[in-house]
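Participant: based on what follows, work out the 3D shape:
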Amino acid sequence: MKKIVIKYPLTLFYPLTILITILIGAPQIMLFPDSLKTGLMTAQWGPALGAFVVAFSLDRKIGITRLLKKITIRNTSFKYLIIAIVLPMILCIFSYFALTFVVNSKWVNPDMIRSFPSYVICMIATIFSVTGEEIGWRGFMLPKMLEKYSLFTSSLIIGILWGVWHFRFQSISLALLYILAVTEFSFISSWLYIKTNNNIVASILFHTSINMGSTVLFEKIMLISNPEANLQMNTLLYGIYSVFFAIPTLYIIIQFMRKRQLSSVPR
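Facilitator: Residues are numbered from 1 along each chain as shown. Below is the predicted model of the structure:
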């Protein structure tokens, strides 16, 4: 069995992650749906648990310890931690500007539907939840991908698989735009991972900032009761996200390509 895991760690990791996500996420959705409003989503720990299972199969406790050690700010430039927080906030605000002008042809103040303590609780729960994702996608899958593929290819594949994992298939257009936006998030997260000495704290902060920005600015829009209107607004939102997040993504892709060209130059 271990030989199979050694030979196909990622082939086993992804379907295992989907299976665990369903097993731990479905009970929360069916039995405690209101708990989702807190930002605590058990399904988001599917990637971490999948990574723990494969890592334990490969290296026992050492494999799990190696994953957990990636959650550190030791020897990390705080510049990139700040970028991880601020960049998504700015792009979420720009996205809100664009959405309100497209829908209303004028500026409309954000309608925040929670109290301040509720947002604090939501942020804490979000940090915990996204940590589960980042342990799997950036802590385990990214370094395994980099053993065989370039940073560009690894980020692209992870982004597509990460987007599919979210099961946003209400329509073809929403699915494609959602996967595009998440793939852009993947490139930025990979860049942060490399810039912070291969730890995942920056990607956790980046992921949290996106989720909290979306909650603060777009939660009321996301909760439109009419299914058709809800679908249209979500499709429009992720289309706008994909436009604004494409700006840093293109910069990062250029950096990846330059680094690849430099590494291929004979010395």
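Participant: low-confidence ranges in the stretch 1-150 of the chain?
Facilitator: Along the stretch 1-150 of the chain, segments meeting pLDDT under 70 span 1.
Participant: er, the stretch 151-267 of the chain I mean
Facilitator: For the stretch 151-267 of the chain, the stretches with pLDDT under 70 are 225, 260-267.
Participant: against residue 14, how distant is the nearest residue to residue 190 once chain neighbours are set aside?
Facilitator: Leaving aside its sequence neighbours, residue 190 sits nearest to residue 155 (C-beta to C-beta, 6 or more residues apart in numbering; 4.2 Å). Just so you know, the C-beta spots here come from the backbone N, C-alpha and C atoms, and that holds for glycine as well. To residue 14, residue 155 is 16 Å away according to C-beta to C-beta, to the nearest Å.
Participant: cool, and residue 136?
Facilitator: Residue 136 is 9 Å from residue 14, by C-beta to C-beta.
Participant: show me which of the two is the more surrounded one.
Facilitator: Applying other C-beta atoms under 10 Å to residue 136 and residue 14 shows that residue 136 carries more neighbours, namely 32 against 19.
Participant: could you find the closest non-adjacent residue to that one?
Facilitator: That would be residue 47: by C-beta to C-beta, 6+ apart, it lies 2.3 Å from residue 136.
Participant: state the number of residues packed around the one you found.
Facilitator: Residues near residue 47, counting by other C-beta under 10 Å: 28.
Participant: contacting residues for it?
Facilitator: 17, 21, 132, 133, 134, 135, 136, 137, 140, 141, 165 (C-beta atoms under 8 Å, 6 or more residues apart in numbering).
Participant: number of nearby residues for the second one?
Facilitator: One way to gauge burial is a neighbour count; for residue 21, by other C-beta under 10 Å, it gives 25.
Participant: now the fourth one
Facilitator: Residue 133 has 27 neighbouring residues, counting by other C-beta under 10 Å.
Participant: repeat for the third one
Facilitator: As a burial measure, residue 132 scores 23 neighbours (other C-beta under 10 Å).
Participant: just to revisit the earlier point, who touches both of residue 136 and residue 14?
Facilitator: residue 50.
Participant: can you tell me the centre-most residue of the chain?
Facilitator: By C-alpha atoms, centre = their mean, the chain has its centre lying nearest to residue 207, at 5.2 Å.
Participant: not counting its neighbours along the chain, what's nearest that one?
Facilitator: Per C-beta to C-beta, 6+ apart, closest to residue 207 is residue 130, 4.2 Å.
Participant: can you check residue 194 too?
Facilitator: Sequence neighbours aside, residue 151 is the residue nearest to residue 194 in space, at 6.9 Å (criterion: C-beta to C-beta, 6+ apart).
Participant: give me the distance between the one you found and residue 200.
Facilitator: Distance from residue 151 to residue 200, by C-beta to C-beta: 15 Å.
Participant: the more surrounded of those two?
Facilitator: It is residue 200, of residue 151 and residue 200, that has more neighbours when counted by other C-beta under 10 Å, with 28 against 22.
Participant: now the helices for this protein?
Facilitator: Secondary structure of the chain, counting by DSSP state H: helices at 2-7, 9-31, 46-59, 61-68, 78-104, 116-134, 142-146, 151-165, 172-195, 201-222, 227-244, 246-263.
Participant: could those go into a markdown table alongside distance to residue 40?
Facilitator: Converted to a markdown table, the helices of the chain look like this (distance: least, C-beta to C-beta, whole Å):
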| stretch | distance to residue 40 |
| --- | --- |
| helix 2-7 | 31 |
| helix 9-31 | 8 |
| helix 46-59 | 14 |
| helix 61-68 | 20 |
| helix 78-104 | 20 |
| helix 116-134 | 4 |
| helix 142-146 | 25 |
| helix 151-165 | 18 |
| helix 172-195 | 21 |
| helix 201-222 | 12 |
| helix 227-244 | 21 |
| helix 246-263 | 29 |
